[in-house]
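Student: Fold the following.
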Amino acid sequence: MTTPLTKPRAADFLAVNRRGGLFTQFVNQRIGSVCAVVAHRLGLAPSAVTLINLVCGLAMSAALIALAPVMADGRVPAALMGLLALAVWQFAYSLDCADGMLARVTGRSSPAGARLDILADIAQQTAVTAATASVAVAYTDWTPTWLVAAFAGLWMTNLVTSVMGKSGDGDSLIASESLIVGLVKLIRDYGAVVTAITLVIAFVPNLTVWVVVFFTAVNGLFLAALIAKTTLDSLKAPEIKSEEDA
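Tutor: Predicted coordinates:
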């Protein structure tokens, strides 16, 4: 077991990151490592950082949901809300990166903390999809109900595969870590995705519905591909006989 550092630097926190997409690695994890330094100096527990992340993310999502109709009416500038959402959601995600770094460097990892992190991610991403869908519906009244439901449900594909990966049950369709593959995978990198969504809300909010369509299609195709690959892998796997059959 690694001895906890008494005065860790940002580089020490960054060294224990769990990797991730290109945007996450070069933006959120770097911001997260600085947040981890601040949290450590303030004496915050990793779970406290997780809860701050949750509160920030939920508050921003709730504000977008509540103000989406008046944004569409022009009474509240979409640019203001979109850029504010960009800053707050990115900060919240950086804190999500920071809590794990803080736990690993300070030796304060725990099963309960890991569960809290997953539950906070579920709440956070549910709120983000609800906020995005609210803006889409406010600006495009013909947005189908089934599309909103599919968008929210399939969005969780990324979260489920991320949790499976942490438990060792994950599977990657393309294991290569080349730059080209990394750029392609940006469409599933949470930091990059949130950036794209908030910029659309800020500058072309009437196109938010097409963001919903795009990510519904991307996540649906990814889920279908994973199911197909996993099915093939299971058919190729040797059968394990129970003691009763032996």
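Student: Please tell me how far stretch 192-210 is from the chain's geometric centre.
Tutor: On the basis of Cα atoms, centre = their mean, to the nearest Å, stretch 192-210 sits 16 Å off its chain's mean C-alpha point.
Student: Same check on stretch 126-135?
Tutor: The answer for stretch 126-135 is 13 Å, by Cα atoms, centre = their mean.
Student: all helices for this structure, in order.
Tutor: 10-14, 22-23, 29-42, 46-72, 78-106, 111-139, 145-166, 179-184, 190-203, 208-236 (DSSP state H).
Student: In contact with the spatially closest residue to Val213 that is not a sequence neighbour: list those residues for me.
Tutor: Leaving aside its sequence neighbours, Val213 sits nearest to Leu147 (Cβ to Cβ, 6 or more residues apart in numbering; 6.8 Å). In short, each C-beta sits where N, CA and C put it, glycine included. The contact partners of Leu147, by Cβ atoms under 8 Å, 6 or more residues apart in numbering, come to 209, 212-213, 216.
Student: filter the residues you listed to the buried ones?
Tutor: Buried members of those, scored by 16 or more other Cβ atoms under 10 Å, are 209, 212-213, 216.
Student: Mean pLDDT lowest where, among the helices of the chain?
Tutor: Set side by side, these show their lowest mean pLDDT on helix 179-184, which sits at a mean of 66.
Student: Let me know the closest of the buried ones among the contacts of Leu147 to Ala228.
Tutor: Distance to Ala228, by Cβ to Cβ, is smallest for Thr216 among the buried ones among the contacts of Leu147, at 18.6 Å.
Student: Just list the residues touching the nearest residue to Thr132 once chain neighbours are set aside, thanks.
Tutor: Of all residues not flanking Thr132 in the chain, Ile197 sits nearest, at 5.6 Å (Cβ to Cβ, 6+ apart). By Cβ under 8 Å, 6+ apart, the contact set of Ile197 is 128, 132, 208, 211.
Student: I'd say the first one and Trp89 touch.
Tutor: In other words, Val128. Yes: the pair Val128 and Trp89 qualifies as a contact (Cβ atoms under 8 Å) at a distance of 6.7 Å.
Student: okay, and the common contacts of those two?
Tutor: In contact with both Val128 and Trp89: 57, 194, using Cβ under 8 Å, 6+ apart.
Student: So what's the residue count around Leu84?
Tutor: 16 (other Cβ atoms under 10 Å).
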